[in-house]
Structures are given as structure tokens and as C-alpha cells.
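# Fold the following for me, if possible:
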Amino acid sequence: MNHPFFHLDDKILSASEQAMQQLEPVFLQIDQVTGYNQQKMLAAFNRARVSESHFVGTTGYGYGDRGRDALDEVYAYALGAEDALVRANFVSGTHALTVALFGVLRPGDTMLSVTGIPYDTLRGVLGITGNGNGSLKEFGVKYEQLDLKEDGTPDYEEMERRIHPGLKMVYIQRSRGYNLRPSLFVEDIERIAEIAKRRAPGCIVMVDNCYGEFVQTEEPTQHGGGIAPTGGYIAGRRDLVESCSYRLTTPGTGREIGCTLGNNRELFLGAFHAPNVTGEALKTAAFASALFSSLGYDVTPRWDEPRADIIQAVLLREKEALIAFCRGIQKGAPVDSFVTPEPWDMPGYDCEVIMAAGAFTLGASIELSADAPLREPFAVWMQGGLNFHSGKLGAMLAAQSMLEQGILPL
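Residues are numbered from 1 along each chain as shown. Presented below is the predicted three-dimensional model:
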């Protein structure tokens, strides 16, 4: 394909064409999953009888916000959950997780993470890092951890020994975070949940399903759409969601308050577009995997491997390559393309981090972005893409940026 608006080396263009030929059967499979999930989302809208009146915002306490209640119903149905709590005042994914943890755990409870150490920003919430101020540890909640096996997969045999009736929660992180271990499929999560419920029938199984949205036809929980300006959600058993609502607002008022300030329309749009946007992000990830593997880099997952989330990791082997990659991704952004990403000490992380993201919504990882801690093996984690064509171009510009710095081994 001709690229008249961006300079791309002929060797990168050739590698791109080869990747596209390889990916035809992969894209067909992604489209099949996307079609199924889009039908499911449309059915959720129909079931909730969504109408234009649901887009009207509320102010103040937000009593009687019909749109807010209908949106909860849409999410619950689409995720196969009893109930959902969808709110614009969840300021990040870590915030939603924190509300869920504090909502259902009490002093003296013990939680067990069966997928190793959680993502960096959650460690302070647990009290693993930082001074512990405001953490679960300070409130008397005990954290235990079961590491993954050497190959990065769950240790099911050890779960049989470690999970016992005294546990209040078994915690699962689906995605790899800043790790190179495989992300979990729904089938993996189901196996863990079966062990947990058999060994500790009264325990709560909590899944951080970040980046796993609509990647398969079944869901433990999560989606993202690329239109909603902010917000997050919690979905699951009705009584547990209610407890979480008391943590988000106050005991007694829970989900009944919280004005939407005109955000409902965007939140509904985000939900409706989520399956399709996820499909575009999966295609972008698969393309990046095929492109950079052909350029001589190790990638995970490989372009022809099944995917459990939208993240693509590329092992770039050196600091300069990592920085050049992120700067190339930034050049392919619709917003702030002129900005040069620089490593910095980002709050919540234990080393310098570089992030590339020219997004319509600040921090939206469903839009094309790339980020990484500046530490060995100097891998970059790339995700998102509102549409495949711009996501593909972003990956090619990342390669071009590395070539211009004399790093790409062509």
C-alpha cells in the first residue's frame, strides 16, 4: 500500500506486506469473535431498553438517574454477571480494584494472589510497597502470594495445597502486567475458580481482567470502548457488588447516589463500541508481532498464537531501542504526535518508565499506546488501537524510528 503522508523505508514496507499475508487466517478468527461479542452487546442494549432519555445527565446527589441504572444493566448482561457498578468517578483501573478489595475484605481477612505479584500500582494498595498509609495492610488485611511456575503458568498443584477454608479471597490477575508470562485465558481462570471453590467454598474469587475485554466469546469481567471520557466498573455477584457500592459512596446510600453530569451518552457509546474496538486492537497487536518478529526480535505472544488479552510484548534488548520504539508510536498518534516521550519517575513504579500515548482520553490503553519500565530485558508492552489501519501505521512508525536511530537490524 502507498503511504504518501509518512516516510517509511522500503524494507519496512516489504516486511509489512509479508506480515499482512501471514495474518489473513488470524484476522478471520478475530472477526468471528468480534461478531459474536457485538451481537451480545446489542442484545444487552435491547434487554435494558436503552433509549435517548437515558443519555440525560443528573447533578447533585443523582437520585433517580435512569441512565446510570440502565448502564449497570447493560454491563451485567454483557459480562454474564448478576450485577454491575459502572461509574464515571472510577478514576483508574487501580481505583476500581481498590474499591472492590476494600468493599469485600475486612480486618483479619486473608487474600491469596495465585498469579504472583500484582501489577505495580496495586502493590501500594496491598501494602507490599510504600509506607503502608491507607493500605489493606494498615487495615489488618493479610496478603499472601503464590508465585507462578518457571514457565509463567499458574501452579495448580500448589493451589491445591495453599487454598484452604480460612481464605477470604483468591485473587487472579489475568494480564501479564510488566511481565513476560502468558496472560490467562477464560479457561485458565475457570480452572482456578473451580479449585478455589472446592478447597474454600466460602471464598471470593476476584479477577483483574484488565486488557482481557472481549478477546474471547466468554468473559470473567471487563471491557473498554475508546469513547468514554473516564470511568470504570465492577461486575459480579449481586451482594458483593452492593458491598463495593458502599465503599465507593457510603454505607446505606451505595449505588443510589452519584450524578452523571452528562457522561451517560459517552459511557453507553463506549460500551457499544467495545467489542469492535477490541477486535481492532487485537489485529494491531498481531500485526506488530508479525512485523517485529520478521525484523529479528523476540515477541510474545507470537503472531500465530491464541491471545488472552490485547497486549503485545516486544523484547528490544537495549534501552535506546526501547526509547526509539515508543517515540515512533507517539509519531503515529492523532493527538500530541509532536511530543517526544521521555523516561520519568512515574508515581506507583519502582524505576523510570517511558510511555507513548497520543490519546483522545488521557491514559486510555484501548487507544494505541506503548509503555515499559527501563530495566532489562528492555521489553516494550504495546496495546490498543481504535482502528487497525492507524494502529498498523503506528507499529510501522515505531520500526522506522528505530531504523533512523541506527538500531533496527535491517
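# And the strands in the stretch 301-410 of the chain?
312-315, 353-357, 369-373, 379-383 (DSSP state E, counting those that start in this stretch).
# What is the burial count for T153?
13 (other Cβ atoms under 10 Å). No exception for glycine: its C-beta is placed from N, CA and C like everyone else's.
# To clarify, my last question referred to E157.
10.
# List the buried residues in the helix or strand containing it.
If you go by DSSP states H and E, E157 is part of helix 156-162. Neighbour-count burial for helix 156-162, counted by 16 or more other Cβ atoms under 10 Å, picks out 159, 162.
# what does that helix rub up against?
Residues outside helix 156-162 that contact it (Cβ atoms under 8 Å, 6 or more residues apart in numbering) are 112, 114, 144, 146, 191-192, 195-196, 199.
# Report the distance from whichever helix or strand comes after it to the chain centre.
Beyond helix 156-162 on the C-terminal side, the first helix or strand identified by DSSP H and E is strand 169-173. Relative to its chain's centre, strand 169-173 lies at 16 Å (Cα atoms, centre = their mean, to the nearest Å).
# I'd like the distance from P334 to G358, if you could.
For P334, the distance to G358 equals 6 Å [Cβ to Cβ, to the nearest Å].
# How about E320?
Distance of E320 to G358, given as Cβ to Cβ: 22 Å.
# do the same with H7
18 Å.
# if we can go back for a sec, now render the strands of the stretch 301-410 of the chain as CSV, adding mean neighbour count, mean pLDDT and distance to V339.
Output for those, formatted as CSV (neighbours: other Cβ atoms under 10 Å; pLDDT from 0 to 100; distance: least, Cβ to Cβ, whole Å):
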stretch, mean neighbour count, mean pLDDT, distance to V339
strand 312-315, 24, 97, 21
strand 353-357, 22, 93, 9
strand 369-373, 23, 93, 13
strand 379-383, 25, 96, 17
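# Make TSV out of those and add distance to L23.
Shown next, in TSV, are the strands of the stretch 301-410 of the chain (distance: least, Cβ to Cβ, whole Å):
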stretch	distance to L23
strand 312-315	13
strand 353-357	23
strand 369-373	20
strand 379-383	16
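# so what does the lengthiest helix in the chain touch, helix or strand wise?
The single longest helix within the chain, with elements called by DSSP state H, is helix 264-294. Where contact means 3 or more Cβ pairs under 8 Å, 6 or more residues apart in numbering; DSSP states H and E, helix 264-294 is packed against helix 10-22, helix 24-47, helix 66-79, strand 298-300, strand 312-315, strand 379-383, helix 388-404.
# my read: V241 touches L79, true?
No - V241 lies out of contact with L79 (Cβ atoms under 8 Å); the separation is 11.2 Å.
# Tell me the residues that contact both of these two, please.
Applying Cβ under 8 Å, 6+ apart, one finds that V241 and L79 are jointly contacted by A235.
# related to what we said a few turns ago, if you count neighbours, what's buried in the longest helix of the chain?
Neighbour counts over helix 264-294 (16+ other Cβ under 10 Å) mark 264-268, 270-294 as buried.
# again with stretch 53-71
Judged by neighbour count using 16+ other Cβ under 10 Å, the buried positions of stretch 53-71 are 54-55, 57-58, 62, 65, 67-68, 70-71.
# Same question for stretch 193-210.
Neighbour counts over stretch 193-210 (16+ other Cβ under 10 Å) mark 193, 195-196, 199-200, 203-210 as buried.
# Straight-line length of that stretch, end to end?
End-to-end distance for stretch 193-210, by Cα to Cα, to the nearest Å: 18 Å.
# Run through who's touching that stretch.
Taking Cβ under 8 Å, 6+ apart as the rule, stretch 193-210 contacts 93, 97, 100-101, 104, 114, 118-119, 122, 156, 159-160, 163-175, 189, 192, 219-222, 240, 309.
# Give me the buried subset of those.
93, 97, 100-101, 104, 114, 118-119, 122, 159, 163, 167-175, 189, 192, 219-222, 240, 309.
# The residue nearest to G132 when sequence neighbours are not counted: which element?
Nearest residue to G132 in three dimensions, chain neighbours excluded: E138, at 5.0 Å (Cβ to Cβ, 6 or more residues apart in numbering). Following DSSP H and E, one finds E138 outside all helices and strands.
# Just confirm V33 contacts Q216, I think it does.
Yes - with contacts counted by Cβ under 8 Å, V33 reaches Q216, the gap being 6.6 Å.
# what's the overlap in contacts for those two?
Joint contacts of V33 and Q216 (Cβ under 8 Å, 6+ apart) do not exist.
# So for H7 and G358, which residue has more residues nearby?
Legend: neighbour count by other Cβ under 10 Å for H7 and G358, higher for G358 (20 against 10).
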